[in-house]
Each structure stands twice: as C-alpha cells, then as structure tokens.
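J.: Sequence below, structure please.
(one chain, ligands or ions: 3)
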Amino acid sequence: MRFARFFCSRFSPFKMAKYNLVFVLGPPGSGKGTQCSKIVENFGYVHLSAGDLLRAERNNPGSQYGEMIEDYIKNGLIVPVEITCKLLERAMKDSGKMSFLIDGFPRNEDNLQGWNKQCGEKVNLHFVLFFDCSLETCTERILARGAAGSGRVDDNKESLKKRFDTYMNSTMPIISHYESLGLVRKLDASRSPDEIFKDVKELFSKIN
Ligand SMILES: Nc1ncnc2c1ncn2[C@@H]1O[C@H](COP(=O)(O)OP(=O)(O)O)[C@@H](O)[C@H]1O
Ligand SMILES: O=c1ccn([C@@H]2O[C@H](COP(=O)(O)OP(=O)(O)O)[C@@H](O)[C@H]2O)c(=O)[nH]1
Ligand SMILES: [Mg+2]
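T.: Residues are numbered from 1 along each chain as shown. Ligands and ions are numbered 1, 2, ... in the order given. Here you go, the predicted model:
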C-alpha cells in the first residue's frame, strides 16, 4: 500500500485518493470526544482520539513507550510527534476508511511540523473544529468526570493545571495558525451538547 501510494503520487497519471480530515481542538473538557461521537453517528466519520491512541499504547505491555507516555500524560505534556503520528497513521490505514475526525491533535508546533512532513500530502483537511470554552467550565466538567471514575491519571486538579498551561502556551498558537489559513470553525462549547451539535451538524452538512 505504501509503495502504491508512493508510485501513484510520483509516476502515475492517476492520483491516489486523499484521506478526508477534520481536526478537532479545544481545551481539555470542552467536549471534543462527546461531539465526535455524535458526528460519527450522523456522518460516518472514523473518530481517532490522539489521547485514546496514546492511552492504548501505554497499556500495551509490549510497548517500549508505555512509561514515557504515562509520564507525559500525568504532567499534561505533549508526547513527541513521531509516536503520535505513527499511531494515527496506523489507525487510519487499519480502518480501511477515508474520512477521519482527529481529536486532540495537533497540539503544539512539534505536532504540526511532524504531521505536515509525514502526512500533509496524503490528506485533505476540510477544517479545524474549535470548541471554545472557558477554563472554569472545563474545570467543572473534568473534575466531575474524574469524580465519576474516568480512571484517567490526569483528571485531577494538579494535572489539569498543567494541561491548561500546555493548552494556553502550545495549542492556542496552533489554532491561531489555522485561523490565519481561514480553516478554523469556532463554536461556543459552553452550551449543552445538543445545542452545540446543531451547529456542528450544519458545518458537516456543507462538506462536499
Ligand atoms: N456540552 C457539555 N455540557 C456539559 N458537559 C459536557 C458537555 N460536553 C461534554 N461534557 C462532559 O464533560 C466531560 C468532558 O467531555 P469530553 O467530551 O471528554 O471533552 P474533551 O474530549 O474535550 O476533554 C465529560 O464528562 C462529558 O460528559
Ligand atoms: O496529540 C496528542 C494528544 C494527547 N496527548 C497527551 O494525552 C493527554 C490527554 O489528551 P486527550 O485528548 O485525551 O485529553 P482531552 O483534551 O480530551 O481531555 C494530553 O494532555 C497529552 O498529555 C499528547 O501528548 N499528544
Ligand atoms: Mg477527549
């Protein structure tokens, strides 16, 4: 498959079809995962959460990265892009599908550069869905999720503060970058899931 892609991109008059992609960004607790589930139900995209893929890799006893990923997640830091990109690429390939929601990625400059280098040419990015939400509201949601037993090592006050710092310092500039390319679709994510989804639906109905 890799060879076919390479061959077709270089030598064939027939272009390989590109993956259709929407990036989903917003602070921790803004509802990225919740809205992605609704999009999957209604529009048949494959939902790939970078965080979920990293947690699965951490839980894989054969992985050489397990401890490292645990450490990064607990401290709200962004795992080096080589690892995340490899997991995303593999998941895209294994799904056998062509349309993806990539949730929680790219989160910093390293992610953006690595992705563009490794996958940029193979994808058609429709837009970046940005869930705008105050950190106060996000804090309430995340701490409630932790208290309800999410089992996540980072759903606590101490980790959350670090996640917010990373979001403000490293992820916001990525959103600004896409904004300057006219690719950001910003929604008010402080509303109820159904209200938000009304707007999400409208955006996805316009694709193609
Ligand atoms: N619009 C919303 N209003 C209130 N609670 C929400 C909303 N969207 C999601 N939640 C809840 O907030 C928590 C975080 O949502 P999640 O979708 O996991 O966000 P993210 O992936 O951005 O961290 C979950 O417990 C979820 O049930
Ligand atoms: O591309 C990514 C996505 C996530 N993470 C790590 O995984 C954690 C949890 O991410 P997730 O998207 O699951 O959190 P959410 O924003 O949904 O609460 C982040 O804080 C990071 O430590 C990462 O390193 N790279
Ligand atoms: Mg999430």
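J.: Summarise which helices and strands the longest strand belonging to the chain is packed against.
T.: Counting residues, the longest strand found in the chain (DSSP state E) is strand 123-132. Here strand 123-132 touches strand 19-25, helix 32-43, helix 172-180, strand 184-188, helix 193-205, going by 3 or more CB pairs under 8 Å, 6 or more residues apart in numbering; DSSP states H and E. For glycine as for every other residue, the C-beta is placed from the backbone atoms N, C-alpha and C.
J.: buried residues in the second one?
T.: Buried positions in helix 32-43, judged by neighbour count with 16 or more other CB atoms under 10 Å: 32, 35-36, 38-39.
J.: Only alpha carbons, please: show that helix as PDB.
T.: Coordinates of each C-alpha in helix 32-43 appear next as PDB, following Å, rounded to 0.1, in the frame of the first residue of the first chain:
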ATOM      1  CA  LYS A  32     -14.300  17.200  21.800                       C
ATOM      2  CA  GLY A  33     -14.900  13.500  22.500                       C
ATOM      3  CA  THR A  34     -18.600  14.000  23.200                       C
ATOM      4  CA  GLN A  35     -19.200  15.800  19.900                       C
ATOM      5  CA  CYS A  36     -17.000  13.400  17.900                       C
ATOM      6  CA  SER A  37     -19.300  10.500  19.000                       C
ATOM      7  CA  LYS A  38     -22.300  12.400  17.700                       C
ATOM      8  CA  ILE A  39     -20.500  13.200  14.400                       C
ATOM      9  CA  VAL A  40     -19.700   9.500  14.000                       C
ATOM     10  CA  GLU A  41     -23.300   8.500  14.500                       C
ATOM     11  CA  ASN A  42     -24.600  11.100  12.000                       C
ATOM     12  CA  PHE A  43     -21.900  11.400   9.400                       C
END
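J.: about what we covered before: need the buried residues of helix 32-43 in CSV with distance to ligand 2 and pLDDT, can you?
T.: Compiled in CSV, these are given as follows (distance: CB to the nearest ligand atom, whole Å; pLDDT from 0 to 100):
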residue, distance to ligand 2, pLDDT
Lys32, 5, 98
Gln35, 11, 98
Cys36, 10, 98
Lys38, 15, 98
Ile39, 15, 98
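J.: now Phe131, nearest residue through space, not along the chain?
T.: Gly26 (3.1 Å; CB to CB, 6 or more residues apart in numbering).
J.: so which of the helices and strands packed on strand 123-132 comes closest to Ser99?
T.: strand 19-25 (4.2 Å; CB to CB).
J.: could I have the closest one exported to PDB, CA atoms only?
T.: Extracted C-alpha coordinates of strand 19-25, given in PDB (Å, rounded to 0.1, in the frame of the first residue of the first chain):
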ATOM      1  CA  TYR A  19      -7.900  11.000   3.300                       C
ATOM      2  CA  ASN A  20     -10.600  13.400   4.300                       C
ATOM      3  CA  LEU A  21      -9.900  15.000   7.600                       C
ATOM      4  CA  VAL A  22     -11.200  17.300  10.300                       C
ATOM      5  CA  PHE A  23      -9.100  18.200  13.200                       C
ATOM      6  CA  VAL A  24     -11.000  18.800  16.500                       C
ATOM      7  CA  LEU A  25      -9.400  21.100  19.000                       C
END
